[in-house]
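Chemist: Compute the structure for the input listed below.
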Amino acid sequence: MVHAQFDPTARRELAVAAVEAKTVKDLSWREIADAAGLSVAFTTAAVLGQHALPEPAARAVAELLGLDEDAVRLLRTIPTRGSLDGIPTDPTVYRFHEMLQVYGTTLKALVHEEFGDGIISAINFRLDVKKVADPEGGERAVITLDGKYLPTKPF
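Modeler: This is a model prediction of the structure:
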């Protein structure tokens, strides 16, 4: 049976334990995703409490991290999503907040001009992060957000 959470506390505690196990076992998110058989972005989000994992993936992740049967159950439970309360203080997360503060209205204007009235789904969604060389020296982060467009339907 599919279950949903009401209180995110248990998933937050599981995320802390999972990240601790990941660190102790010196695993990468890629290795955890490979065990789950899912993308790195989706698996990472799930382990951090933002998605439910299918049972085989939940079992594989729990086994790899040395987590118990309660962890498997929690990893399969539909979470209460949302990991940010207020303005983020972590510099990396804050920069994404800042990017949306600066470019959010631009993205909205361009999406609506191109597609019309609607939204970009965060459920039917893909995320990818790549490191590429910067022609001016150093490295650049290329972040691809790929969501299905869902038009507003009058009723």
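Chemist: got the contact list for residue 104?
Modeler: For residue 104, the contact set (Cβ atoms under 8 Å, 6 or more residues apart in numbering) is empty. Any C-beta I mention is one placed from the backbone N, CA and C, and that applies to glycine too.
Chemist: Quick check: what element follows the helix or strand where it lies along the chain?
Modeler: If you go by DSSP states H and E, residue 104 is part of helix 91-115. Using DSSP H and E, the helix or strand that follows helix 91-115 in sequence is strand 118-133.
Chemist: same for whatever helix or strand comes next after that following strand, what does it pack against?
Modeler: Downstream of strand 118-133, the next assigned helix or strand under DSSP H and E is strand 139-151. For strand 139-151, the elements it packs on are helix 91-115, strand 118-133, judged by 3 or more Cβ pairs under 8 Å, 6 or more residues apart in numbering; DSSP states H and E.
Chemist: The last one vs strand 139-151, what angle?
Modeler: Think strand 118-133. 160 degrees (axes from the mean of the first three to the mean of the last three Cα atoms, to 10 degrees).
Chemist: Which other helices and strands does strand 118-133 contact?
Modeler: helix 40-47, helix 91-115, strand 139-151.
Chemist: and if we set it to 6 Å?
Modeler: Using 3 or more Cβ pairs under 6 Å, 6 or more residues apart in numbering; DSSP states H and E, the elements in contact with strand 118-133 are strand 139-151.
Chemist: ok, residues contacting the strand it packs on?
Modeler: Contact with strand 139-151 is made by 115-116, 118-121, 124-126, 128-132, 134, as judged by Cβ atoms under 6 Å, 6 or more residues apart in numbering.
Chemist: List the pairing partners of that strand within its sheet, with orientation.
Modeler: If you go by DSSP bridges, strand 139-151 pairs up with strand 118-133 (antiparallel).
Chemist: How about the strand it pairs with, which residues are buried there?
Modeler: 120, 127 (16 or more other Cβ atoms under 10 Å).
Chemist: what's the angle between that strand and helix 40-47?
Modeler: Going by the same axes, to 10 degrees, strand 118-133 makes 110 degrees with helix 40-47.
Chemist: Buried by neighbour count: which residues of stretch 19-38 qualify?
Modeler: Counting neighbours by 16+ other Cβ under 10 Å, the buried set in stretch 19-38 is 21-22, 32-33, 35-36, 38.
Chemist: Distance from the chain centre to stretch 109-119, please.
Modeler: Distance, stretch centre to chain centre, for stretch 109-119: 24 Å (Cα atoms, centre = their mean, to the nearest Å).
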